Structures are given as C-alpha cells and as structure tokens.
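Asks: The amino acid sequence is not available; the structure is as follows:
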Ligand SMILES: *[C@@H]1O[C@H](CO)[C@@H](O)[C@H](O)[C@H]1NC(C)=O
C-alpha cells in the first residue's frame with residue numbers, strides 16, 4: 001500500500017520533471033555560456049551578525065553539525081533556531097541581533113546545509129535523524145530544553161521535535177511552516193494548495209539539482225528576491241546575503257542534502273512507514289506555540305495554518321504577518337517573535353525515536369543521538 005502510494009506520487013510528479021527538463025534544455029540552448037556559469041565563492045568570508053559569536057561543531061553519530069552560537073554558558077534560557085530550504089543558520093541574523101544577551105543563542109546549519117556535513121543517501125534525511133540532530137545540539141549546548149524557533153523545513157523538524165520529544169521544547173515558534181497534519185487534511189490541503197505544493201513534487205527528481213544550480217544558482221536569486229515569490233522589501237537580501245546562500249549550496253553534497261529532505265519526507269510517509277513520521281498525526285504538541293504565517297507566502301494558503309479538527313496543538317496562537325513573503329524572518333524581522341505567556345505545561349515522557357524493525361524497509365537502525373561533543377570549528 002505504502003509502496004503503491006509512493007509510486008503514485010512519483011508517477012504523478014513525472015510530467016513536472018519532464019517539463020522542467022524541457023525548460024532547462026531550452027535555457028541551455030538559448031545561452032550555453034550563461035547556463036554553465038559558475039562563480040567560485042570559496043574564498044568569500046561572511047561577517048557574523050553580532051560580535052562575540054562562537055562557531056562550533058557538534059557530532060551526531062559521525063555527522064558533524066555546525067552551530068553558530070552566542071552567549072553559551074551564561075545561564076540564560078536556550079533559544080535554538082532551525083532554518084529552511086535553501087538557507088543556512090544566517091537566515092536568523094536579525095533575530096540573533098535582537099536576542100543576543102537575553103538568551104543563549106544557537107543557530108544551526110541543519111544536516112546537508114552550509115558548514116554541516118551532508119551525508120549521502122536519502123535515508124540519512126528522514127525525520128528521526130533530523131530530530132536527533134536537534135536533541136544532540138540542545139544537549140551539547142548544556143541544556144535540557146529550549147525555545148525552538150523555526151522556519152520552513154526547520155518548522156517541520158520543529159513540529160516533530162515538539163510533538164515527539166515534548167521535554168526538550170519549552171516553547172515553540174514556527175514561521176511559514178504548517179503542522180504536518182495540514183498536508184493530510186482535505187479541508188486544508190485542497191486542490192489549490194496542491195498546485196502551490198507542486199514545486200515540492202519537482203524536488204523529488206534529480207532535475208531539481210540542475211534546476212537550482214544552472215546559471216550560477218539563478219533560481220536561488222529568483223526565489224529570494226524576485227516577484228512573486230521573493231521578499232516584499234527591497235534590500236531584504238543584500239548581495240552578500242545572496243552570496244552566502246549560494247556559497248553554502250555550492251559545498252559538496254549541500255544542494256542534494258537540502259533536496260533530500262523532500263525526498264525522504266515522501267518515502268518515509270509511504271514506502272518506509274517510519275514510525276516517527278506516522279506518530280505526528282496523533283501526538284499533540286503541548287508546548288505553547290506561536291505560529292506565524294505570511295499573507296504573501298506563495299507556498300501556502302492561509303487555511304494551512306488553521307488548527308485542524310484533530311486539535312493537535314494544545315496551546316496555539318496564530319499570527320498573520322501582513323505584506324510579508326515566505327522569507328518572513330528576514331522580510332519582516334520586526335515581528336513580535338515571542339509574544340507568549342510564560343506558562344508551560346510538560347506532559348508525557350521523552351519518547352525515543354525508533355524505526356519499526358519489522359517493517360523491513362531497510363531504514364537504518366534508530367539514530368540515537370550520539371554523545372554530544374562541542375569542538376571548535378577550524379576555519
Ligand atoms: C548515511 O551517511 C553515512 C555517512 O555519510 C554513510 O556512511 C551511510 O552509508 C549513509 N546511509 C545511507 C543509508 O545512505
């Protein structure tokens with residue numbers, strides 16, 4: 001059944017891949033030199049948003065994660081930031097400036113991105129690995145819990161972390177990332193939303209790498225700054241910001257790493273039947289949750305951010321950001337990120353993420369968080 005669903009999705013997506021291939025071929029024929037253009041950004045350096053940041057590596061069972069930190073060890077609560085596709089920790093530069101000194105801050109490069117390792121294989125990007133990265137980083141930072149702030153794909157990881165490991169998440173702030181259950185709810189995931197999500201189906205094929213990489217990552221620039229998808233405010237992304245994103249995507253394995261999140265998401269929900277992926281549909285989030293959506297976010301219709309009949313988020317506040325694109329943390333950095341009551345409720349015990357061995361899916365054995373180790377990053 002799951003396998004059938006998987007192949008149905010792949011078959012339905014294949015016309016999109018063919019169309020994308022045709023577009024790329026046309027683009028190549030129009031201007032082969034431009035199509036093949038590559039800029040070497042390896043020598044570029046990018047400044048930190050505030051002074052006194054420390055860049056560290058955290059080891060999760062052999063996968064090294066780069067974290068940009070500020071104020072660790074000062075005894076303040078931990079605020080942990082998870083970025084989305086196709087960005088890096090630096091997408092949180094405004095929030096780091098805002099909250100430096102008030103919290104211990106950690107913005108991670110998620111696996112497959114930026115200066116974190118990009119392990120090979122789609123299976124290395126299933127949600128249990130992504131959640132285990134968060135757990136390891138929280139522990140390595142010397143904390144038991146965090147205020148988890150997340151955007152886009154980071155949001156999906158954050159929803160799973162908050163639901164499946166409630167003890168680790170004190171409060172949850174999600175931008176432009178619907179609860180995973182919204183994607184399965186016909187009232188929220190309508191035909192119109194399916195159209196908006198069709199880019200996700202494009203990501204399932206290797207054509208996506210060419211689509212994004214050609215002409216010196218032209219597509220990245222289009223996504224970030226050009227209408228209709230790009231930031232609403234001119235200057236939201238400086239040339240340096242764009243270079244930083246492109247430089248990160250050009251690292252070996254990086255672009256495929258980011259795309260593998262989409263590929264793993266489809267496979268884990270269908271043919272792999274990953275337990276952590278299934279449990280999200282009946283495990284409520286107990287942490288007080290602030291969900292922000294943007295009225296000009298072309299990826300999602302507003303209904304995707306409504307609470308479903310399942311009431312899977314126990315304490316939910318939903319805020320609409322007006323005249324704001326998908327890139328909300330950068331387009332509207334003045335947003336009220338933490339207008340939350342201080343109350344928290346912790347319920348349930350820590351749930352170990354594990355894979356059902358009997359499902360014979362070939363998914364690697366449960367990625368238990370390794371022993372966290374913080375080591376200074378060499379430049
Ligand atoms: C996951 O990544 C590790 C480290 O790069 C690699 O050794 C392993 O083969 C990968 N697993 C799969 C299933 O691809």
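Replies: Great, that's in hand. Values in this document were obtained by computation on a predicted structure and should not be read as measured data.
Asks: Return the residues of this structure in contact with the ligand.
Replies: 62, 119, 120, 121, 123, 124, 364 (Cβ under 6 Å from any ligand atom). Placement of C-beta: from N, CA and C, glycine included.
Asks: Quick check: the fifth one is in a helix.
Replies: Yes. With DSSP: H, G, I helix; E, B strand; the rest coil as the criterion, residue 123 is assigned to a helix.
Asks: just checking, it touches residue 263?
Replies: No. Residue 123 sits out of contact with residue 263 when judged by Cβ atoms under 8 Å, with a separation of 9.7 Å.
Asks: re earlier: what two of the residues of the chain next to the ligand are the furthest from one another?
Replies: 62 and 123 (14.3 Å; Cβ to Cβ).
Asks: So the two - more neighbours on which side?
Replies: Shown here are residue 62 and residue 123; by other Cβ atoms under 10 Å, residue 123 has more neighbours (19 against 8).
Asks: Could you report the neighbour count for the residue in the stretch 51-200 of the chain that the ligand sits nearest to?
Replies: Taking Cβ to the nearest ligand atom, the ligand has its nearest neighbour within the stretch 51-200 of the chain at residue 121, 2.2 Å off. Residues within reach of residue 121, counting by other Cβ under 10 Å, total 11.
Asks: Return the set of buried residues in stretch 50-66.
Replies: For stretch 50-66, a neighbour-count test (16 or more other Cβ atoms under 10 Å) marks 50, 53-60, 63-66 as buried.
Asks: Can you tell me which of those end up in strands?
Replies: Applying DSSP state E to the buried residues of stretch 50-66, the entries found in strands are 54, 55, 56, 57, 58, 59, 60, 63, 64, 65, 66.
Asks: Secondary structure class of residue 104, three-state.
Replies: strand.
Asks: circling back to that earlier point, what is the nearest of the residues of the chain next to the ligand to residue 27?
Replies: Using Cβ to Cβ, the residues of the chain next to the ligand come closest to residue 27 at residue 120, 28.3 Å.
Asks: out of everything not next to it in sequence, what's closest to the closest one?
Replies: residue 253 (6.9 Å; Cβ to Cβ, 6 or more residues apart in numbering).
Asks: For residue 362, give me the pLDDT.
Replies: In this model, residue 362 is scored at 27, pLDDT.
Asks: Distance of residue 119 relative to residue 253?
Replies: Distance of residue 119 to residue 253, computed by Cβ to Cβ, to the nearest Å: 8 Å.
Asks: where do the helices sit along the chain?
Replies: Ranges of helices in the chain, per DSSP state H, are 2-30, 32-35, 93-99, 127-140, 153-164, 191-196, 198-202, 207-225, 239-249, 254-269, 275-279, 328-331.
Asks: Give me the nearest residue to residue 271, chain neighbours excluded.
Replies: The spatially closest residue to residue 271, leaving aside those adjacent along the chain, is residue 6, at 4.2 Å (Cβ to Cβ, 6+ apart).
Asks: tally of neighbours for the one you found?
Replies: Close neighbours of residue 6, defined as other Cβ under 10 Å, add up to 16.
Asks: Residue 74 too?
Replies: 10.
Asks: repeat for residue 204
Replies: Neighbour number of residue 204 under other Cβ under 10 Å is 21.
Asks: And residue 229, by the same measure?
Replies: Count around residue 229 with other Cβ under 10 Å applied: 17.
Asks: hang on, it packs against residue 326?
Replies: Yes. Using Cβ under 8 Å, residue 229 is in contact with residue 326, at 6.6 Å.
Asks: any shared contact partners between these two?
Replies: 298, 299 (Cβ atoms under 8 Å, 6 or more residues apart in numbering).
Asks: Could you measure from residue 119 over to residue 294?
Replies: From residue 119 over to residue 294 the distance is 32 Å, taken as Cβ to Cβ.
Asks: Of those two, which one has the most company?
Replies: More crowded of residue 119 and residue 294, by other Cβ under 10 Å: residue 294, with 26 against 18.
Asks: Any idea what residue 319 is bridged to?
Replies: Note on residue 319: beta-bridge partners by DSSP bridges are residue 292.
Asks: Just the pLDDT at it, thanks.
Replies: 91.
Asks: can you check residue 250 too?
Replies: The model's pLDDT for residue 250 equals 97.
Asks: Count the residues that sit near the closest residue to it other than its chain neighbours.
Replies: Counting by Cβ to Cβ, 6+ apart, residue 250 lies nearest to residue 41, which is 6.3 Å off, once chain neighbours are set aside. Neighbourhood size, residue 41 [other Cβ under 10 Å]: 18.
Asks: If I follow the layout properly, residue 41 ends up in contact with residue 249?
Replies: No. Contact criterion Cβ under 8 Å: residue 41 and residue 249 do not qualify, at 9.7 Å.
Asks: Quick check: which ranges of the stretch 151-300 of the chain have low pLDDT?
Replies: Along the stretch 151-300 of the chain, no part satisfies pLDDT under 70.
Asks: Find the closest residue to the ligand in it.
Replies: For the stretch 151-300 of the chain, the residue closest to the ligand is residue 253, as judged by Cβ to the nearest ligand atom, at 8.8 Å.
Asks: Redo the residues of the chain next to the ligand as TSV? Include distance to residue 98.
Replies: TSV is the format used below for these (distance: Cβ to Cβ, whole Å):
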residue	distance to residue 98
62	35
119	33
120	37
121	37
123	37
124	33
364	39
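Asks: which one in these is the model shakiest on?
Replies: Among these, residue 364 has the weakest pLDDT, 32.
Asks: hmm, back to that, contacts only, for the residue nearest to residue 120.
Replies: 112, 117, 118, 119, 120.
Asks: What about those residues, which one has the most neighbours?
Replies: Going by other Cβ under 10 Å, residue 112 tops these with 26 neighbours.
Asks: thinking that residue is in contact with residue 125, fair?
Replies: Yes. Applying Cβ under 8 Å as the test, residue 112 and residue 125 come out as touching, 6.4 Å apart.
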